[in-house]
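K.L.:
coordinates only, sequence not included:
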């Protein structure tokens, strides 16, 4: 889903990685999206929660950008949070033990990527301003007012999110564990 709101100039952009020693980011074509131009990818603060997971963790996210959408989110997903993120329950241990690092970038030279709200791209090598451990990912979600749901099957929430008309993102869905058949 592309931007549902106009991009706003940022004072800082972020990248999240389990690698604590990245000194520079080179433009690359993502394996999961081979048709896009090589870029360095970053996320803005309002959407950063999308990456508070182990890199390979499948997840579905839905959020509200205004009061009307907040009411819709509350009704559709029985939540008071401004964002709901769901991941497979089978990833619970990995989420609890992940050592994730937040890299900060100067936004100069980044442009909004039109294909996904909150994502920014640069066509040149980018050196981070700083990096720091994120800490407990579950606590990070809670402290930011983001509802984290660990579910047996991502399919129902993915279907509900896509049908909701709200802004959403689906990451690494192809690698989601299919539910086991009943015994």
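P.N.:
In hand now; what should we look at? Everything quoted here is computed from the prediction, not taken from an experiment.

K.L.:
Just want the most central residue of this structure.
P.N.:
By Cα atoms, centre = their mean, the chain has its centre lying nearest to residue 50, at 1.8 Å.

K.L.:
all helices of this structure, in order?
P.N.:
Taking DSSP state H, the helices of the chain run over residues 67-77, 92-97, 137-143, 154-164.

K.L.:
Contacts only, for residue 15.
P.N.:
25, 40-43, 51, 102-103, 105, 128 (Cβ atoms under 8 Å, 6 or more residues apart in numbering). All C-beta atoms are positioned from the backbone trio N, CA, C, and that covers glycine.

K.L.:
Quick check: the residue nearest to the centre of the chain vs residue 42, distance?
P.N.:
Applying Cβ to Cβ, to the nearest Å, the value for residue 50 to residue 42 is 12 Å.

K.L.:
contact partners of the helix or strand bottoming out on mean pLDDT in the chain?
P.N.:
Every helix and strand in the chain was compared by mean pLDDT, DSSP states H and E; the lowest is strand 168-171, with a mean of 90. Under the criterion Cβ under 8 Å, 6+ apart, residues 1, 47, 50, 53, 57-63, 116-117, 158, 161-162 lie in contact with strand 168-171.

K.L.:
Sort those by pLDDT and name the bottom one.
P.N.:
Lowest pLDDT among the contacts of strand 168-171: residue 1, with 61.

K.L.:
which of the contacts of strand 168-171 count as buried?
P.N.:
Neighbour counting over the contacts of strand 168-171 (16 or more other Cβ atoms under 10 Å) leaves 47, 50, 53, 57-63, 116-117, 158, 161 as the buried ones.

K.L.:
about what we covered before: filter the contacts of residue 15 to the buried ones?
P.N.:
Neighbour counting by 16+ other Cβ under 10 Å classes 25, 40-43, 51, 102-103, 105, 128 among the contacts of residue 15 as buried.

K.L.:
possible to save these as TSV with pLDDT?
P.N.:
Converted to TSV, these look like this (pLDDT from 0 to 100):
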residue	pLDDT
25	97
40	96
41	94
42	97
43	97
51	96
102	98
103	98
105	97
128	97
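
K.L.:
farthest pair in those residues?
P.N.:
Largest separation among those by Cβ to Cβ: 40 and 102, giving 15.4 Å.
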